[in-house]
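>>> No letters, just coordinates:
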């Protein structure tokens, strides 16, 4: 029961969390799960109540990562179970209340990795993945080795496991001295991030669909330089700071405010939990610089009525940065 | 300049806030404004910076009332200017940081009140309004008096001014011993609330449009009993608790949880900042009980995929309440 056998795609090991609830005597247990797992809320509440007799309070707001621990829930509960992401917020005073329960995907990597190996051009590749597949890395290295390819796995900075990348952090990739990467995981955003953050060739292997592809960063780069160009004559510019504990880069935002003000822009510092199109419409700004999750500018631009730039893109706009495109990584805990 | 002459519809007296910023030596000033006033953000930031040299941080999240003070902003700033609503959160430890700047509508009440007087049936009516028009009450009473009608203005509980009502509180109406009410203000939700909370006849006078109308609560009541009926065979039910400081009724929510569990329902306690249709979809519940702003159930039901009931409506569903419809009022500070 506690092994989450009802969750087809994922393994959740809840036993350590149950033990901790019992040992700590927590009476109110908060639970935070990403959107894709919210449907298990009701079953999970029953499991926790049956095992521990604690009251369960669910976080109903969307959860986008370990950067997005629900601090209000931490205040309301004695202990919070944060499902699906690996530990990140060591610096936060509320962090002691949070137990991370990683979600491990059952999906078999063999087919995708073997397909991807065909597309690799070098015999020494950096191997990166997200936390959902991190337990598959030994198997990935073995599969590559069987084809004479050496897989290089390096630790990152903000991540818990060697080889682990986040949408906002590719240190595990940058720390590998290679000319090519294999990304194992779902979606296009992370492998695109590896390509943009390293400037190297990236082959993506999706264990869920079995699809393999060579990442082409050119369309994204065209869109980003397009957004920078469209922001060219913006007069009123909002600098967005996220309230989410792992995205709260107030000092960076203040630097962006100064850079804009020095060039005569009307700058507004805006602090928010969730970036929404309406927020920008109502503020009446011509452009925004987002110091929150880089995905807001890169992946969600189409949602917004005005150009939304990352901090390095804003520096390009102001002529303060030249050369290669710099991916906006969050390297240290911003708290 | 500080008198907000650029804001066509409203008078804002910012001078006391400016004085307080200077006297307190606040270096970082947070500013929170309702959506309708967000466009003034940029001008307001400039005014504050020029007057006080403080750094200004705007709240970018929607703001629905004095119940919705941005506590994250309070933590990030030395002092917060909350625009548009009257003081409410005396109980909150962060409350000392908040300066309320009420927005007073310039709209002339004469035409609407004279029109409404024609529709009144009694010579002794309760007079209620929202904070935006509270300064017009003496004129309203005078206009009524000129027609031989005595206007009764009574203090409420959760509100600052006699005669003031909120979307969640009609004590100022209930405290008047009358058979009929005159509501002065915009929109249908507040006068409908007066009708539902008192069971009496309500005439509404809108100073902005000049429109007058007799409130008919019957269609809303039909919709509400329809929602209760649709929730009849719900098995999984979420009880929603708002994170907003003036809506956070955790004890009431716990009572609703118990009532549902006693009748064999699968209950889930959900804590959230913003109620969204997706939240209910993802949780996979058949119905919800909202202990947050009553407007969520009453005004926004059409947005949600499942019936959303107020706590008294849930009691009707469970057979724990009979008789007249009870409007869900928030009477005490829930903090």
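Received it, and whenever you're ready, just let me know what you need. The structure displayed is predicted, hence computed values, not measured ones.

>>> Any residues of the stretch 201-335 of chain A in contact with chain B? List them.
A:236, A:238, A:240-241, A:243, A:250, A:254, A:266, A:268-275, A:278-279, A:282-285 (CB under 8 Å from any CB of the partner chain). Heads up, the C-betas are built off the backbone N, CA and C, glycines and all.

>>> The same query, at a cut-off of 6 Å, please.
Contact residues, the stretch 201-335 of chain A versus chain B (CB under 6 Å from any CB of the partner chain): A:236, A:243, A:266, A:268-273, A:279, A:282-284.

>>> which residues does the most centrally placed residue in chain A contact?
Chain A has residue A:167 as the residue nearest its centroid, 3.5 Å off, counting by CA atoms, centre = their mean. Residue A:167 is in contact with A:189, A:295, counting by CB atoms under 6 Å, 6 or more residues apart in numbering or on different chains.

>>> Residue A:248: how many residues sit nearby?
23 (other CB atoms under 10 Å in any protein chain shown).

>>> Equivalent analysis for residue A:90, please.
9.

>>> tell me the SS of it?
coil (DSSP: H, G, I helix; E, B strand; the rest coil).

>>> Which element, helix or strand, includes the residue lying closest to residue A:314 once chain neighbours are set aside?
Once flanking residues are discounted, residue A:314 sits nearest to residue A:289: 4.4 Å by CB to CB, 6 or more residues apart in numbering or on different chains. Applying DSSP states H and E as the criterion places residue A:289 in strand A:287-290.

>>> what does the helix or strand following that strand contact?
Next in sequence after strand A:287-290, counting helices and strands by DSSP H and E, comes helix A:295-298. Residues outside helix A:295-298 that contact it (CB under 6 Å, 6+ apart): A:167, A:275, A:290, A:308, A:309, A:310.

>>> likewise stretch A:202-215?
With CB under 6 Å, 6+ apart as the criterion, stretch A:202-215 contacts A:107, A:109, A:111-113, A:115-116, A:119-120, A:181-184, A:186, A:191-192, A:194-195.

>>> ok, the residues of the stretch 201-335 of chain A next to chain B vs residue A:11, which is closest?
Distance to residue A:11 across these (CB to CB) is lowest for residue A:273, with 30.7 Å.

>>> For residue B:68, state which of the contacts of helix A:295-298 is nearest.
Among those, residue A:275 lies closest to residue B:68 (CB to CB), at 18.3 Å.

>>> What about the residue nearest to the closest one when sequence neighbours are not counted, how many residues nearby?
The spatial neighbour of residue A:275 that comes closest, neighbours along the chain excluded (CB to CB, 6+ apart), is residue A:296 at 5.1 Å. By other CB under 10 Å, 22 other residues sit near residue A:296.

>>> same question, residue A:162
By the measure other CB under 10 Å, the count of residues near residue A:162 is 17.

>>> do residue A:145 as well
With other CB under 10 Å as criterion, residue A:145 counts 11.

>>> Ok, residue A:301 next?
Residues within reach of residue A:301, counting by other CB under 10 Å, total 17.

>>> got a list of what it touches?
When contacts are counted by CB under 6 Å, 6+ apart, residue A:301 touches residue A:308.

>>> Find me the pLDDT at residue A:89, would you?
pLDDT for residue A:89: 69.

>>> Now, of the contacts of stretch A:202-215, which are buried?
A:107, A:109, A:111-113, A:115-116, A:120, A:181-184, A:186, A:191-192, A:194-195 (16 or more other CB atoms under 10 Å in any protein chain shown).

>>> taking those residues one by one, which sit in helices?
By the criterion of DSSP state H, membership of those in helices covers A:111, A:112, A:113, A:115, A:116, A:191, A:192, A:194, A:195.

>>> Any chance of CSV for these, columns distance to residue B:301 and pLDDT?
Listed next are those as CSV, based on distance: CB to CB, whole Å; pLDDT from 0 to 100:
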residue, distance to residue B:301, pLDDT
A:111, 47, 97
A:112, 45, 97
A:113, 50, 98
A:115, 49, 98
A:116, 49, 98
A:191, 43, 98
A:192, 41, 97
A:194, 45, 98
A:195, 46, 98
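
>>> Identify, from the residues you listed, the entry nearest to chain B.
Of all these, chain B sits closest to residue A:192, with 25.5 Å by CB to the nearest CB.

>>> Distance of the closest one relative to residue B:298?
45 Å (CB to CB, to the nearest Å).

>>> Tell me which stretches of the stretch 201-335 of chain A form helices.
In the stretch 201-335 of chain A, the segments counted as helices under DSSP state H, counting those that start in this stretch are A:218-230, A:250-262, A:277-283, A:295-298, A:311-317.

>>> Give the residue spans of the stretch 51-200 of chain A that score low on pLDDT.
For the stretch 51-200 of chain A, applying pLDDT under 70 flags the ranges A:89, A:91.

>>> Return the residues in contact with the closest residue to chain B within it.
Distances between the stretch 51-200 of chain A and chain B by CB to the nearest CB are smallest at residue A:60, namely 3.2 Å. For residue A:60, the contact set (CB under 6 Å, 6+ apart) comprises B:270, B:272, B:279.

>>> what does the model give the last one for pLDDT?
What the model reports for residue B:279 is a pLDDT of 88.

>>> Neighbours of it, how many?
23.

>>> Spatially, and excluding backbone neighbours, which residue is closest to it.
residue A:60 (4.8 Å).

>>> Could you check how far residue A:198 is from residue B:84?
48 Å.

>>> meant to ask about residue A:318
35 Å.

>>> likewise residue A:156?
Note on residue A:156: its distance to residue B:84, by CB to CB, is 45 Å.

>>> Please list the residues of the stretch 51-200 of chain A that sit near chain B.
A:57, A:58, A:60, A:61, A:72, A:73.
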